[in-house]
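> 3D model of this:
(one chain, ligands or ions: 1)
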Amino acid sequence: MMLKPLKSMGKAEEAVIIGGGLLGLNMAEVFSEKGLKAHILQRGSRLSPQMFDFEVSNFIKSKLEEKNVEVNFNEELIEIKGKNGAVSEVETSKGRRISCQLLIVAIGVTPAIKFLKETEVKTDKGVLTNEYMETSVQSVYAAGDVAQVYNSIKNQYLTYTSWASALEQGEIAGFNIVNQNKKSYLGVPLNTEFIFGIPVTSIGSPNPPDESKYKFLIKNELDKGLYLKLVLDNKKIIGGLLVGKAEKADLIKELIKQQVNITGYEEDLLEEKFEEILKEKEGRN
Ligand SMILES: Cc1cc2nc3c(=O)[nH]c(=O)nc-3n(C[C@H](O)[C@H](O)[C@H](O)COP(=O)(O)OP(=O)(O)OC[C@H]3O[C@@H](n4cnc5c(N)ncnc54)[C@H](O)[C@@H]3O)c2cc1C
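Numbers count the residues shown, from 1 in each chain. Take a look at the predicted model:
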């Protein structure tokens, strides 16, 4: 997604952005292109932590800094100060004051589910559904950002916040409402984001919480702007992170979705011509 400059940017020279997720980074890019100095305040020590690992976060941080965007980790907003009815500076958790004429808050979205609290529809962060998009109440379905869907690979209820996921879930809910043979949703989120023209793609679970349980295959060529990481759970891929090239993203998504046993192909997966190698090996077997 590419955001358009705000009309109200006026004569602003400095902007503070709370949150170094994808929206915050998009805003920083727009401000930088308009010649503003942007300051990102990010809780924790990694940009877009659901998507980037530390390696990629540091790479993107260096690209942002080249474009007059300051990235401040482990620093949060404490107070907003104003002058003449407009924001003039912020105070941070490190006691710093940053002058700004624009303040952006980009700290994520929360499903609006309060109206369901007194009902029998079970909720957690979102509306809980099984893999058929059915809620705890018969004939009531949920899909899209509001749904927290059971994922049988992870044995967890997960939210998926992208257009593609919302569309797929909506189609499955619609299909299941009118058909006896139900389709199930196995969400493998795939997001490609361009940051200063650099494509960064995350698929599935690129940063699982307990790293010691997984094997990571990494081809790090960030000096050339390229990075490919695959996360393996035993013999199956569960996540991927790509910088610079996104051609393999759909293939990786399918390997995750189909739960393909990749024994014997692990190292090949990092090769440029993986699909050709795969066909050649399959031809020999
Ligand atoms: C700023 C921004 C940028 C984004 N960029 C991207 C992107 O580049 N790529 C991408 O894949 N995804 C992006 N997303 C996420 C994407 O927009 C959502 O995942 C997608 O729109 C979800 O679709 P949905 O139909 O579930 O919810 P929505 O599109 O949010 O639609 C829900 C609608 O329901 C209405 N509503 C809420 N509560 C009620 C109620 N009680 N009664 C009646 N109506 C109600 C809301 O007002 C809204 O119109 C972005 C999100 C944001 C906020």
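
> going forward, measure contacts and count neighbours with C-alpha atoms only.
Fine.

> How about the residues of the stretch 51-200 of the chain by the ligand?
Applying C-alpha under 6 Å from any ligand atom, we find that the stretch 51-200 of the chain lies next to the ligand at 112, 144, 145, 146, 161, 162, 163, 164, 166.

> Narrow the residues you listed to those in helices?
163, 164, 166 (DSSP state H).

> Strand partners (parallel or antiparallel) of the one helix or strand residue 241 maps to?
For residue 241, the host element (DSSP states H and E) is strand 236-243. Applying DSSP bridges, strand 236-243 is found paired with strand 198-204 (antiparallel), strand 226-233 (antiparallel).

> For it, what is the distance to the chain centroid?
Strand 236-243 sits 13 Å away from the centroid of its parent chain (C-alpha atoms, centre = their mean, to the nearest Å).

> Centre-most residue in this structure?
The centroid of the chain falls nearest to residue 51 when counting by C-alpha atoms, centre = their mean (4.5 Å).

> Model confidence for that one, exactly?
According to the prediction, residue 51 has pLDDT 91.

> show me the residues around the nearest residue to it once chain neighbours are set aside that make contact.
In this structure, residue 51 finds its nearest non-sequential neighbour in residue 202, 5.8 Å apart by C-alpha to C-alpha, 6 or more residues apart in numbering. Neighbouring residues of residue 202 by C-alpha atoms under 8 Å, 6 or more residues apart in numbering: 51, 52, 189, 190, 191, 192, 239, 240, 241, 242.

> Nearest to residue 107 among the strands paired with strand 236-243 would be which one?
Nearest to residue 107 among the strands paired with strand 236-243 is strand 198-204; the distance by C-alpha to C-alpha comes to 19.2 Å.

> Please pull up the helix or strand immediately following the closest one.
strand 215-221.

> Alpha carbons only: can I get that next one in PDB?
Output of strand 215-221 as PDB, limited to C-alpha atoms (Å, rounded to 0.1, in the frame of the first residue of the first chain):
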ATOM      1  CA  LYS A 215      15.100 -24.800  12.300                       C
ATOM      2  CA  PHE A 216      15.900 -21.700  10.300                       C
ATOM      3  CA  LEU A 217      17.300 -21.800   6.700                       C
ATOM      4  CA  ILE A 218      18.700 -18.300   5.900                       C
ATOM      5  CA  LYS A 219      20.400 -16.900   2.800                       C
ATOM      6  CA  ASN A 220      21.500 -13.400   3.900                       C
ATOM      7  CA  GLU A 221      22.700 -11.200   1.100                       C
END
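
> Sheet partners, orientation included, of that strand?
When sheet partners are counted by DSSP bridges, strand 215-221 sits next to strand 226-233 (antiparallel).

> Show me this protein divided up by domain.
Domains of the chain are assigned by automatic domain parsing as 7-105, 114-178, 190-284.

> roughly how far is the first one from the heart of the chain?
Using C-alpha atoms, centre = their mean, the mean C-alpha position of domain 7-105 is found 18 Å from that of the whole chain.

> What about the residues of the stretch 51-200 of the chain next to the ligand, which one has the most neighbours?
residue 144 (23 neighbours; other C-alpha atoms under 10 Å).

> these two touch, right, that residue and residue 166?
Yes - using C-alpha atoms under 8 Å, residue 144 is in contact with residue 166, at 3.9 Å.

> list residues touching both of the two?
By C-alpha under 8 Å, 6+ apart, the residues touching both residue 144 and residue 166 are residue 160.

> re the thing from before, any chance of the domains of the chain in TSV, plus distance to residue 184?
Formatted as TSV, those follow (distance: least, C-alpha to C-alpha, whole Å):
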stretch	distance to residue 184
domain 7-105	25
domain 114-178	5
domain 190-284	12
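
> Of the ones in helices among the residues of the stretch 51-200 of the chain next to the ligand, just say which sits nearest to the ligand.
Minimum distance to the ligand across those is 3.8 Å, recorded for residue 163 (C-alpha to the nearest ligand atom).

> got a list of what the closest one touches?
If you count contacts by C-alpha under 8 Å, 6+ apart, residue 163 has none.

> measure it to residue 144 for me?
Distance of residue 163 to residue 144, given as C-alpha to C-alpha, to the nearest Å: 8 Å.

> and what of residue 51?
19 Å.

> Can you lay out the strands paired with strand 236-243 as CSV showing mean pLDDT?
As requested, those are exported to CSV (pLDDT from 0 to 100):
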stretch, mean pLDDT
strand 198-204, 93
strand 226-233, 94
